[in-house]
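J.: I would like the atomic coordinates for the input below:
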Amino acid sequence: MPLPLPTSPRTQKHTRKVEFNGFLRSDGLWDIEGSIMDVKPYDVKWHIKPLPAGVPQHQMNVRLTIDHEFNVIAAVASSDIHPYSGFCSAVVPDYGKLVGLNLVKGFRNAVRERFSGVKGCTHITELLGFFPTAAVQTFAGASDDADERHQDDFAFDRCTAMNRRGESVKVFYPQWYIGDVEQNGDTEAH
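T.: From the prediction side, this is the model:
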């Protein structure tokens, strides 16, 4: 169901575009690329020069190369458009510290530990929070083997529709349905 119509007249003041693309590489690894862009629909008095309406204020990109187990094998970032030349991009090489992390095992916490506050770029760090689900969506449907191997790791018990004790899992994924939990903590499949 779409959003209801606004109840008051309004004027657009900002657009943030976030985009992800997933690629299967010829060497069997996966590249997940994310970008974030901020644009104002009006002219902005920027500290370095006037910024015309529609020209991005920010454009940052990240590519993570991962294996079939969601381990980060390589990580590169770029800060192509930013307000503080020489300062915003200075931290970009530090995002190589993502190598060795796992996208589905504590990734977001590890990102916060490494890059929160003045240790990172706000925009790149925020963008990284979407990589786990972007990778999961990249893997989904890519092969039956990948679906079978990882389905239980990331799909279940992360939203109301994918509750392993719920009716939708019972109907659509009976092999992962675990039924009700009894008082003593044991699980019982129905």
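
J.: in this structure, which spans are strands?
T.: 15-24, 30-39, 44-45, 50-51, 56-66, 72-81, 180-181, 187-188 (DSSP state E).

J.: what's the angle between the fifth one and strand 72-81?
T.: Spelled out, that is strand 56-66. On the basis of axes from the mean of the first three to the mean of the last three Cα atoms, to 10 degrees, strand 56-66 is oriented at 170 degrees to strand 72-81.

J.: quick one: strands adjacent to strand 56-66?
T.: Partners of strand 56-66 in the sheet, by DSSP bridges, are strand 30-39 (antiparallel), strand 72-81 (antiparallel).

J.: Any idea how far that strand is from the middle of the chain?
T.: 11 Å (Cα atoms, centre = their mean, to the nearest Å).

J.: And for the residue lying closest to F23 once chain neighbours are set aside, the neighbour number?
T.: Residue nearest to F23 in three dimensions, not counting chain neighbours: D31, with 4.4 Å by Cβ to Cβ, 6 or more residues apart in numbering. Where you see a C-beta, it was placed from the backbone N, CA and C, and this is true even at glycine. Residues lying near D31 (other Cβ atoms under 10 Å) number 16.

J.: And D31, how close does it get to F107?
T.: Look at D31 and F107: by Cβ to Cβ, to the nearest Å, they are 16 Å apart.

J.: so where do the helices sit in this structure?
T.: Remark: helices assigned in the chain by DSSP state H are 107-115, 122-128, 131-139, 144-154, 167-172.

J.: Which among the ones you listed is found nearest to P6?
T.: Among the helices of the chain, the nearest to P6 by Cβ to Cβ is helix 122-128 (25.9 Å).

J.: circling back to that earlier point, distance to T133 and mean pLDDT for the strands of the chain - can I get that in TSV?
T.: Shown next, in TSV, are those (distance: least, Cβ to Cβ, whole Å; pLDDT from 0 to 100):
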stretch	distance to T133	mean pLDDT
strand 15-24	9	97
strand 30-39	10	97
strand 44-45	32	88
strand 50-51	32	88
strand 56-66	13	96
strand 72-81	15	96
strand 180-181	27	65
strand 187-188	26	42
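
J.: Would you format these as CSV with distance to C88 included?
T.: Shown next, in CSV, are the strands of the chain (distance: least, Cβ to Cβ, whole Å):
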stretch, distance to C88
strand 15-24, 17
strand 30-39, 13
strand 44-45, 16
strand 50-51, 15
strand 56-66, 9
strand 72-81, 5
strand 180-181, 49
strand 187-188, 50
